[in-house]
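Colleague: sequence unknown, structure follows:
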C-alpha cells in the first residue's frame with residue numbers, strides 16, 4: 001500500500017491550499033484517515049481526521065479554517081486549508097488505517113511521504 005500526497009506549495013498568509021492523498025495497492029477498505037503536520041524541530045501533530053462514514057474531527061486551532069473530506073471511490077482524502085498562517089508552515093503527512101480483508105484483524109496504519117506547505121508572512 002502506498003499513500004501519495006500532493007497539493008503543497010508556497011502561499012502567502014491568508015491564502016488557501018488544498019492537499020490530496022491517494023492510497024493505492026491491496027486495499028479492502030480505508031478506515032480512519034487523517035492529516036498531520038510536522039514543523040522543523042517539532043513533533044508530528046494531528047490536524048484533522050475523518051472516519052469511513054464521514055465523521056470528522058479537527059485540532060482546535062484549525063477547526064473553522066480547514067475542512068477534511070474523502071472520496072471513498074477514489075481512495076482519496078483531502079484537506080482544504082483556508083486563511084493559512086505562517087506558523088502553519090510544516091510538512092503535512094497523510095495517514096490511513098488500511099484494512100486488507102473483510103476480517104477486521106487484517107489492518108495496518110500507513111503514512112505518506114509528506115508534502116511541504118510554506119506560508120509566507
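Modeller: Right, received. Where do you want to start? This structure is a prediction, so every number in the text was calculated from the model and none was measured.

Colleague: show me what the residue nearest to the spatial centre of the chain is bridged to.
Modeller: Nearest to the mean C-alpha position of the chain, by C-alpha atoms, centre = their mean, lies residue 35 at 2.7 Å. On the basis of DSSP bridges, residue 35 is bridged to residue 48, residue 94.

Colleague: contact partners for it?
Modeller: 19, 21, 46-49, 68, 77, 79, 92-95 (C-beta atoms under 8 Å, 6 or more residues apart in numbering). From N, CA and C alone the C-beta is placed, and that goes for glycine too.

Colleague: tell me the secondary structure at residue 10.
Modeller: Following DSSP: H, G, I helix; E, B strand; the rest coil, the label given to residue 10 is strand.

Colleague: so it sits against residue 118, correct?
Modeller: Yes - counting by C-beta atoms under 8 Å, residue 118 is a contact partner of residue 10 at 4.7 Å.

Colleague: who has more neighbours out of these two?
Modeller: residue 118 (15 against 12; other C-beta atoms under 10 Å).
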